[in-house]
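> pasting the sequence and the predicted coordinates here, then a few questions.
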Amino acid sequence: RCRFNMTWSQTYSGHKFDILNPDRDAIVIEDIAHSLALINRFNGHTKWPYSVAQHSVLVSQLVPEQYALHGLMHDAAEAYLGDIPKPWKSYVSIRGVDIDDIEADIDDAIHERFGLLGGTPEEVWAADFAALCGERVALMPSEHNWGPVDEWSDELKEPVIERMSWQWAEQSFIRRFRELTA
């Protein structure tokens, strides 16, 4: 059994990223786009592959324009931590440090790197929830009751969820980023 005591990993572009000491200079949009395009939402339990990158582009399109970059980047920390499903995220810690605290530090570094001041606006979380409602209907229909998600799904205009390759999701993420930062 091999044990590592490393808190860093190498990114797609070759940077060394330490999750416990996030360095804003090690954060590049290509790493975020590539990683999120390869990470499936819902731990891969969907009818077809659906990436965090595609979800992020969708959220950026659902918010008012002034929050679009925040929407695009709202899950960017997952490029470094992975997408931990919400039902058990609050139970995860790394060496006694709550994963939410680690994610918040990475979010802070990402926000600083891309000039996103003031944290994530409420409008982004509302759009994230709207996207979740649409994703639940399109990607995960089942007999199970999702509580508030199912209740809101009936009232919200659900976004169209299309099949998209990971390569297309990566490019869509980068295109959206460039559009918003031009």
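Yes, it's here. Quick caveat, the model's predicted, so the values are computed rather than measured. Residues are numbered from 1 along each chain as shown.
> for residue 35, see how far away the residue nearest the centre of the chain is.
Ranked by distance to the mean C-alpha position of the chain (C-alpha atoms, centre = their mean), the top residue is residue 75 at 2.5 Å. With distances taken as C-beta to C-beta, to the nearest Å, residue 75 is found 11 Å from residue 35. To be clear about C-beta, it is placed using only N, CA and C from the backbone, and glycine gets the same treatment.
> quick one: residues in contact with stretch 34-47.
11-12, 49-56, 75-76, 78-80, 82-83, 85, 135, 138-140, 166-167, 169-170, 173 (C-beta atoms under 8 Å, 6 or more residues apart in numbering).
> buried set for it?
Buried residues in stretch 34-47, counted by 16 or more other C-beta atoms under 10 Å: 34, 35, 36, 37, 38, 39, 40, 41, 42, 46.
> in TSV, list these along with pLDDT.
Below are the buried residues of stretch 34-47 laid out as TSV (pLDDT from 0 to 100):
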residue	pLDDT
34	98
35	98
36	98
37	98
38	98
39	97
40	96
41	94
42	91
46	93
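> which ones among these map onto strands?
The members of those all map outside strands under DSSP state E.
> mind picking the one among these that's closest to residue 147?
residue 42 (15.8 Å; C-beta to C-beta).
> what's the local residue count around the nearest residue to residue 114 once chain neighbours are set aside?
Nearest in space to residue 114, with sequence neighbours left out and distances taken as C-beta to C-beta, 6 or more residues apart in numbering, is residue 73 at 6.4 Å. Residues within reach of residue 73, counting by other C-beta atoms under 10 Å, total 27.
> right, and residue 73 touches residue 112 too?
No. Here residue 73 lies out of contact with residue 112, judged by C-beta atoms under 8 Å, at a distance of 11.6 Å.
> is residue 126 within a helix or a strand, and which one?
Under the criterion of DSSP states H and E, residue 126 resides in helix 122-139.
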